[in-house]
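Colleague: need the 3D shape of this:
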Amino acid sequence: MGEAVKDGREEVIEAWYMDDSEEDQRLPHHKDPKEFVSLDKLAELGVLSWRLDADNYETDEDLKKIRESRGYSYMDFCEVCPEKLPNYEVKVKSFFEEHLHTDEEIRYCVAGSGYFDVRDRNEAWIRVWVKKGGMIVLPAGIYHRFTVDSDNYIKAMRLFVGEPVWTPYNRPHDHLPARKEYIDNFMINASA
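Modeller: Below is the predicted model of the structure:
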C-alpha cells in the first residue's frame, strides 16, 4: 500500500552519473554512492524516451504514432555483437568516441541492451542504460557516445527523418549550427 506508481519507461531505461574510472567501458560505472538521474532530468537535456513493445514492433501502434508525429520515415536495424559486426572491438571503441550529430539520433532497442552516455550542463557524464523495449532520441548537437554493456549484444532499430545521415563529428565541434542550437535550447537559461 502507498507504493508510488512507477513510470513504465524506468523498467527499460535507467540513468545515472558515471564514475571517473578508466575500467572497461562496458561496465556500469556507477559512482559510489550511486547517483541516479530521472527521466525528467534527461528530458531537460533534450533526451526523449519511450517504452514500447519490442516483441511486436512490426505492428506496434505506439511506434507508428511516434514515427508519424516526428517524421521518422526511414528505418533499419543495427546489430552490435562479436558475431555480427566485423572488426567488433575496433567498432565498439570507435562508437565510444565523444561526438555529436547534426540530426537526432533515434535508437529503439528491440533486443539486448547498451549504454548511451550524454553530458549534463556541467559536463559530467550521465550513463543511459537502454534495454529491450526502450527507445531514446538524442537531440542534434548533444555530445554523446555509445557502448554495449557486458552482455556484448544490442539489436537496435535506427530511425531517421528522410534518408539516413549518420555522420559523427568528434569533439570539439562547437562551431556547428546543430551544437549552437542545442546550447541555445537546452543549456542556456535552463534550470540546472
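Colleague: got the contact list for the most centrally placed residue in the chain?
Modeller: Centroid check for the chain by C-alpha atoms, centre = their mean gives Phe116 as the closest residue, at 4.2 Å. By C-beta atoms under 8 Å, 6 or more residues apart in numbering, the contact set of Phe116 is Arg107, Arg127, Val128, Val130, Ile136, Leu138, His144, Arg145, Phe146. Backbone N, C-alpha and C define where each C-beta goes, glycine included.
Colleague: residues near Ile136, how many?
Modeller: 25 (other C-beta atoms under 10 Å).
Colleague: can you check Met135 too?
Modeller: Around Met135 there are 26 residues (other C-beta under 10 Å).
Colleague: now Val90
Modeller: Burial of Val90, expressed as a neighbour count using other C-beta under 10 Å, amounts to 10.
Colleague: phi, psi for it please.
Modeller: phi -70, psi -40 (degrees, to the nearest 10).
Colleague: quick one: the helices in the protein, in order.
Modeller: Along the chain, counting by DSSP state H, helices occupy 39-44, 61-70, 88-95, 177-182.
Colleague: what residues sit buried inside the first one?
Modeller: So the one you mean is helix 39-44. Leu39, Leu42 (16 or more other C-beta atoms under 10 Å).
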